[in-house]
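# got a predicted structure plus its sequence, pasted below:
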Amino acid sequence: MPTEVTLVVPDEIYEQAEKTAQSTNREVPQVLLDTLVQALPAFYTDPRQPMMEIERQAFITMHPRLVEKFLGQYVAIYQGNLIDYDSDELALVDRIQEKYPDEVVLITEVLSNPERVLHFRSPRFIKMQ
């Protein structure tokens, strides 16, 4: 269900939208909506994503040492440091959420390879005769 919005638009923007509407045989509200849709990203991106990338890079750097001690366990990385670990992922998540409720903390399993390899199967189309 669409939400109706009242929007105050500067005159020069409205004039541009009006010209575009005339030249494309559309209504001004549709031109403004189309412009807004194009301006917004298709998917939400968490603004804390760069911080998570920093923690992920710290994990990759620490990986050789982590494999020696924590292979198969889950680790929590915060501000580039190992802050906790556990063989039970949910127990670790609970502790981290309690101690660092609004912080970016990477929780990941220590595997032999620091980055997981994902395999995607692609459908193959066969021409039928």
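Looks like it came in fine.

# measure the closest residue to residue 89 other than its chain neighbours to residue 92 for me?
In space, and not counting its chain neighbours, residue 89 is closest to residue 74: 4.6 Å by Cβ to Cβ, 6 or more residues apart in numbering. For the C-beta atoms, the positions are set from N, CA and C on the backbone; glycine is no exception. Separation of residue 74 from residue 92 (Cβ to Cβ, to the nearest Å): 5 Å.

# what residues are shared contacts of these two?
Listed contacts common to residue 74 and residue 92 are 85-86, 107; contacts here mean Cβ atoms under 8 Å, 6 or more residues apart in numbering.

# what about residue 16, neighbour count?
15 (other Cβ atoms under 10 Å).

# that one falls within a helix, correct?
Yes - counting by DSSP: H, G, I helix; E, B strand; the rest coil, residue 16 is part of a helix.

# residue 89: how many residues sit nearby?
13.

# if I look at it, how far off is residue 75?
In terms of Cβ to Cβ, residue 89 sits 10 Å off from residue 75.

# check residue 67 too.
Taking Cβ to Cβ, one finds residue 67 at 11 Å from residue 75.

# next structured bit after the longest helix anywhere in the chain?
For the chain, the longest helix by residue count, based on DSSP state H, is helix 49-70. Toward the C-terminus, helix 49-70 is succeeded by strand 74-78 as the next helix or strand (DSSP states H and E).

# so which residue is dead centre in the protein?
The residue lying closest to the centre of the chain (Cα atoms, centre = their mean) is residue 45, at 4.6 Å.

# could you look up the SS state of it?
coil.

# list the buried residues of the helix or strand of the chain with the lowest mean pLDDT.
Ranking every helix and strand in the chain by mean pLDDT, DSSP states H and E puts helix 28-39 at the bottom, with a mean of 90. By 16 or more other Cβ atoms under 10 Å, the buried positions in helix 28-39 come out as 31-32.
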